[in-house]
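Novice: okay, sequence plus prediction incoming.
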Amino acid sequence: MNLDGRVAVVTGGGNGIGAAICRRFAAAGARVVVTDIDLAGAERVASAIDGVAFRTDVSRQADLVSLVGHVEQRVGPIDLFCSNAGIAIEGGPETPDADWRRIIDINLMAHVWAARVLVPDMLRRGQGYLVNVASAAGLVTQLGSAPYAVTKHAAVAFAEWLAVSYGDRGLKVSCVCPLGVETAMLTGADPRIRALLGPEALSPDAVAEAVLRGVEAEEFLILPHPQVREFVRRKVDDPDRWIRGMQRLQQQLDQIS
Ligand SMILES: NC(=O)c1ccc[n+]([C@@H]2O[C@H](COP(=O)([O-])OP(=O)(O)OC[C@H]3O[C@@H](n4cnc5c(N)ncnc54)[C@H](O)[C@@H]3O)[C@@H](O)[C@H]2O)c1
């Protein structure tokens with residue numbers, strides 16, 4: 001999709017990767033709606049790109065419904081919706097249910113709710129683009145965080161399902177799966193995870209450039225870090241060997257105190 005003159009909405013657009021995507025889409029000619037739970041952040045980004053800011057908490061279906069209604073009334077039909085807002089928490093099965101539910105709502109259900117409100121109209125128009133930001137953690141795993149690994153796998157699965165089910169009716173879907181990116185999410189991570197991902201981390205602008213190129217090429221799987229393709233290949237080719245390799249990596253992390 002060529003973004004010139006298109007209406008694009010980006011959740012979590014007030015900071016990090018989302019803010020960079022907003023700036024890159026605007027530079028490509030899109031009319032960008034920047035939405036975030038952090039309204040001040042959204043307004044800052046929107047004012048720099050002549051965009052529109054909205055406050056949306058993507059963990060609430062009602063917020064997503066009213067966002068889409070507002071944008072369609074005030075800006076126009078949505079050509080591209082980028083579900084980028086996401087959170088990370090550490091832990092395994094001991095993580096309290098309330099925390100599991102919150103990360104499931106933000107990292108997965110927000111994508112489901114956006115599709116629920118947008119897809120019928122996109123199918124009627126015979127066009128529309130959903131860009132869902134997952135993570136390399138959704139293709140391989142996330143050391144130290146079961147809730148993040150699980151919700152990102154689910155986000156990848158949902159994006160695949162949408163592409164398979166509606167692709168022949170004009171809906172385009174991309175799923176973005178970066179490894180480490182230099183944002184507040186990485187800064188706030190366990191220092192051992194930062195040490196692991198830091199050396200290969202990309203800037204948010206580099207990720208946004210990869211997203212724009214992927215959207216222009218209408219590519220399903222957008223991998224800003226090309227090495228992730230090889231990680232996935234190794235996992236599928238020999239899952240037991242891949243698990244042993246990841247166990248060794250986990251042990252190395254455990255030895256760093
Ligand atoms: N940073 C990384 O290393 C990395 C790697 C792979 C994937 N990702 C994914 O990229 C996406 C963006 O992450 P980031 O690194 O820019 O993080 P970030 O923390 O810098 O930005 C996330 C943005 O989402 C917003 N947000 C959080 N909860 C929200 C909610 N309930 N409703 C609306 N907005 C909300 C925050 O206010 C913030 O502006 C996430 O989905 C994340 O999982 C990040």
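Specialist: All right, it came through fine. Numbers count the residues shown, from 1 in each chain.
Novice: what residues of the lowest-mean-pLDDT helix or strand in the chain count as buried?
Specialist: One helix or strand of the chain scores below all others by mean pLDDT, DSSP states H and E: helix 191-197, with a mean of 91. Judged by neighbour count using 16 or more other C-beta atoms under 10 Å, the buried positions of helix 191-197 are R192, I193, L196, L197. The C-beta positions use only the backbone N, C-alpha and C, and glycine is treated the same way.
Novice: reformat the residues you listed as JSON lines; add distance to the ligand.
Specialist: Output for those, formatted as JSON lines (distance: C-beta to the nearest ligand atom, whole Å):
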{"residue": "R192", "distance to the ligand": "14"}
{"residue": "I193", "distance to the ligand": "9"}
{"residue": "L196", "distance to the ligand": "11"}
{"residue": "L197", "distance to the ligand": "6"}
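Novice: summarise which helices and strands the least confident helix or strand of the chain is packed against.
Specialist: helix 184-187, helix 239-255 (3 or more C-beta pairs under 8 Å, 6 or more residues apart in numbering; DSSP states H and E).
Novice: just name the most buried of these.
Specialist: A comparison of the helices and strands packed on helix 191-197 by mean neighbour count, using mean count of other C-beta atoms under 10 Å, puts helix 184-187 on top with a mean of 13.
Novice: and that helix, how far from the chain's centre?
Specialist: Its chain's C-alpha centre and that of helix 184-187 lie 15 Å apart, by C-alpha atoms, centre = their mean, to the nearest Å.
Novice: cool, and stretch 250-257?
Specialist: Chain-centre distance of stretch 250-257: 28 Å, with C-alpha atoms, centre = their mean.
Novice: just give me the neighbour total for E72.
Specialist: 14 (other C-beta atoms under 10 Å).
Novice: helix or strand for it, just tell me which one.
Specialist: Here E72, judged by DSSP states H and E, is contained in helix 61-74.
Novice: right, and D121 touches P77 too?
Specialist: Yes: the pair D121 / P77 is scored as a contact, 7.3 Å apart, by C-beta atoms under 8 Å.
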